[in-house]
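Chemist: Requesting a structural model of the entry that follows:
(2 chains)
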Amino acid sequence: MSWFRITLHRSAIGLPERTRGVLAALGLRKRSQVVFHPVSAQFAGMILKVKELVKVEEVDRPLTPAEVKAERTPEPGFWLESYVAPLIVCWCKPRGT
Amino acid sequence: MFGAFRPTNSMSGGLLWKIRWRLSQPQKQRQRKRLRAVDDVVATISKALAKKGETLKQLERWQAEMPTEAEMLPKDKYTIFDPKEKRYRKAIHKLPKWTRVSQRLNPPGY
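Modeler: A predicted model of the protein is given here:
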């Protein structure tokens, strides 16, 4: 089973109520939001109504919200090669002095 | 006198909009890019539905009637029919929401 991966690319501000209704029915609220819907004539028709606003790809499986977020997250900028336990230093006064 | 808030004609109130009568070269380039993006969406949907063996009347009609970006004439890409205009054509950026609506066909003969 394949899925449509639909990204809202252009905002629907100022467009007719019908157009905004279709976006709401697809579950798209804000730009760059990604939703997945199964490939069927019903969803194809809905996408065609808003084809100027969205980007569409065909994918094998829907990604989870966590996977979508991981795609969007940039690299941290550092990589941990090996973990070194922190050295605990005691600044107490030694006994007997 | 200078800067963003200088008292030019368009800044001192009144209904004076600075919109060129024709599109600039980058505007035309972006217009072509948007047309191709819509073509891509239609192609993706058509391919996905064909794999499942489903059909959609709306999609078939679009493919039969609407030219793709490559098939369109430059005249239709950048201008639009208007009965009130001299020579019946005006630049497409006069169309409200022109970057988010599909306007590909014009009356035959114009």
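Chemist: so what's the closest residue to A:Arg10 other than its chain neighbours up against?
Modeler: Nearest residue to A:Arg10, sequence neighbours excluded (Cβ to Cβ, 6 or more residues apart in numbering or on different chains): A:Leu53, at 4.3 Å. For glycine as for every other residue, the C-beta is placed from the backbone atoms N, C-alpha and C. For A:Leu53, the contact set (Cβ atoms under 8 Å, 6 or more residues apart in numbering or on different chains) comprises A:8-12, A:15, A:19, A:23, B:100.
Chemist: And for A:Lys69?
Modeler: So A:Lys69 contacts nothing (Cβ under 8 Å, 6+ apart).
Chemist: pretty sure B:Trp62 is touching B:Val41, no?
Modeler: No - applying Cβ atoms under 8 Å as the test, B:Trp62 and B:Val41 come out as separate, 10.5 Å apart.
Chemist: Find the residues that touch each one of those two.
Modeler: What both B:Trp62 and B:Val41 touch, as defined by Cβ under 8 Å, 6+ apart, is the set A:Leu48.
Chemist: more neighbours, those two?
Modeler: Between B:Trp62 and B:Val41, counted using other Cβ atoms under 10 Å in any protein chain shown, the more crowded position is B:Val41 (22 against 18).
Chemist: Look up phi and psi at that one.
Modeler: Dihedral angles of B:Val41 (phi, psi; degrees, to the nearest 10) stand at phi -60, psi -50.
Chemist: Just give the closest residue to it, not the sequence neighbours.
Modeler: A:Lys51 (4.5 Å).
Chemist: just the strands in chain A please.
Modeler: For chain A, the strands defined by DSSP state E occupy A:3-8, A:34-38, A:54-59.
Chemist: Looking at those strands, spot the one closest to chain B.
Modeler: strand A:54-59 (4.5 Å; Cβ to the nearest Cβ).
Chemist: quick one on the thing from earlier: deepest-packed of the strands of chain A, please.
Modeler: Of the strands of chain A, the one with the most neighbours on average (mean count of other Cβ atoms under 10 Å in any protein chain shown) is strand A:3-8, at a mean of 21.
Chemist: contacts for it?
Modeler: By Cβ under 8 Å, 6+ apart, the residues outside strand A:3-8 that reach it are A:23, A:26, A:28-39, A:43-44, A:47, A:53-63, B:45, B:48.
Chemist: now stretch B:36-44
Modeler: A:9, A:47-48, A:51-52, A:54-58, B:59, B:62-63, B:68-69, B:102.
Chemist: Report the buried residues of it.
Modeler: For stretch B:36-44, the neighbour count (16 or more other Cβ atoms under 10 Å in any protein chain shown) marks B:37-39, B:41-42, B:44 as buried.
Chemist: what does stretch B:71-80 give?
Modeler: Using 16+ other Cβ under 10 Å as the test for burial, stretch B:71-80 gives B:72, B:76-80.
Chemist: State the mean pLDDT of it.
Modeler: Throughout stretch B:71-80, pLDDT has a mean value of 96.
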